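Novice: Show me how the following folds:
(4 chains)
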Number of protein chains: 2
Amino acid sequence: MNAALVALATPRRREILRLVWEDERSAGAIHAALPDVTFGAVSQHLRILFDAGLVFRRAEGRGRYYRARRRALGPFRSALEAQWAGALDRLKLLAELEDARRGPRAGFRSHRRRR
Amino acid sequence: MNAALVALATPRRREILRLVWEDERSAGAIHAALPDVTFGAVSQHLRILFDAGLVFRRAEGRGRYYRARRRALGPFRSALEAQWAGALDRLKLLAELEDARRGPRAGFRSHRRRR
DNA sequence: ACTTTATTTTAGTAATAACTAAATTATCGC
DNA sequence: GCGATAATTTAGTTATTACTAAAATAAAGT
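Specialist: Next up is the predicted model:
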């Protein structure tokens, strides 16, 4: 159980778990979803998650496919979702800022910081 | 939630949580139950647990009393108990070895490994 | 067999964290 | 106030860990 708690103590690995929560993904697909980290680092995290018994791993061709072991993660689900909800909020916020930056709609200019 | 997971990732802090799970204890009492660590280290761990919202703290006289916040720890209870059960097993085993070493009772000798 | 693609592993670095010993703060009884 | 007790904080050390870049492994297609 120690390994599981250690594995979950890092935001990056919780982020990875979110990616493989619903459906399985290859290591490459996981890396592609995490732009700010190298493939090597992702692979290391996946190993830690696997050794802790938190993900399934399946080899097919030259790919390795990972999937969350929801059973094992059950007790931590609420803790995980707390972060994921936060991440979603941030994404939503970013999207809104993007929209605002891209195309100011009528009357938007007046919201700009003065000066 | 990150702080909670980080706080729980260390065996020492889970050990401390076990000590304050049932009833509150002073920092000194907690230290007394952990022979292999200094008072300063215990105090640091208590601060981390408190900042993560995992323990209550109460000041009385010159003592500070700590108690587990079971509500906040609910989701992690099974993970915690896994370690605690292990610790209890180890303690039980140690006690049995102690008994065996201290005073072999009647008929006990025959249980000894041969040779 | 050679090349390409997918992934893991290794060596090395920088940041973090658990710990100790010592200094500091706070509260009690005198 | 002074000394004693309880706890926290600080400075410094050592071990661990998240990371990068590069080398190694493995499967497929040519």
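Novice: Tell me the first helix or strand C-terminal of the helix or strand in which residue A:28 is found.
Specialist: Assigned by DSSP states H and E, residue A:28 falls within helix A:27-32. On the C-terminal side of helix A:27-32, the nearest following helix or strand under DSSP H and E is helix A:39-51.
Novice: average pLDDT for that next one?
Specialist: For helix A:39-51, mean pLDDT rounds to 96.
Novice: Just the buried residues of that helix, please?
Specialist: Buried residues in helix A:39-51, defined by neighbour count with 16 or more other Cβ atoms under 10 Å in any protein chain shown: A:42, A:45, A:46, A:48, A:49, A:50. Backbone N, C-alpha and C define where each C-beta goes, glycine included.
Novice: same deal with stretch A:47-67?
Specialist: A:48, A:49, A:50, A:52, A:54, A:55, A:64, A:65, A:66.
Novice: what subset of the buried residues of helix A:39-51 is also close to DNA strand C?
Specialist: Filtering these for neighbours of DNA strand C using Cβ under 7 Å from any atom of the strand leaves A:42, A:46.
Novice: Please enumerate the helices of chain A.
Specialist: Under the criterion DSSP state H, helices of chain A are mapped to A:2-8, A:11-19, A:27-32, A:39-51, A:70-73, A:77-102.
Novice: can you tell which of these is closest to residue B:9?
Specialist: Checking those against residue B:9 by Cβ to Cβ gives helix A:2-8 as the closest, at 4.9 Å.
Novice: What about contact with DNA strand C: does that closest one have any residue there?
Specialist: No: taking Cβ under 7 Å from any atom of the strand as the criterion, helix A:2-8 and DNA strand C are apart, separated by no less than 9.3 Å.
Novice: Test my guess that residue A:12 contacts residue A:37.
Specialist: Yes: using Cβ atoms under 8 Å, residue A:12 is in contact with residue A:37, at 7.0 Å.
Novice: interface residues of chain A facing DNA strand D?
Specialist: Going by Cβ under 7 Å from any atom of the strand, the residues of chain A near DNA strand D are A:6, A:9-10, A:12, A:36-41, A:44-45, A:48, A:61-62.
Novice: Could you identify the most distant pair in the residues you listed?
Specialist: Spatially, the most separated pair among the residues of chain A next to DNA strand D is A:9 and A:61, at 33.3 Å (Cβ to Cβ).
Novice: excluding its backbone neighbours, what's nearest the most centrally placed residue in chain A?
Specialist: Central residue of chain A (Cα atoms, centre = their mean): residue A:15, 2.7 Å from the mean position. Residue nearest to residue A:15 in three dimensions, not counting chain neighbours: residue A:34, with 6.9 Å by Cβ to Cβ, 6 or more residues apart in numbering or on different chains.
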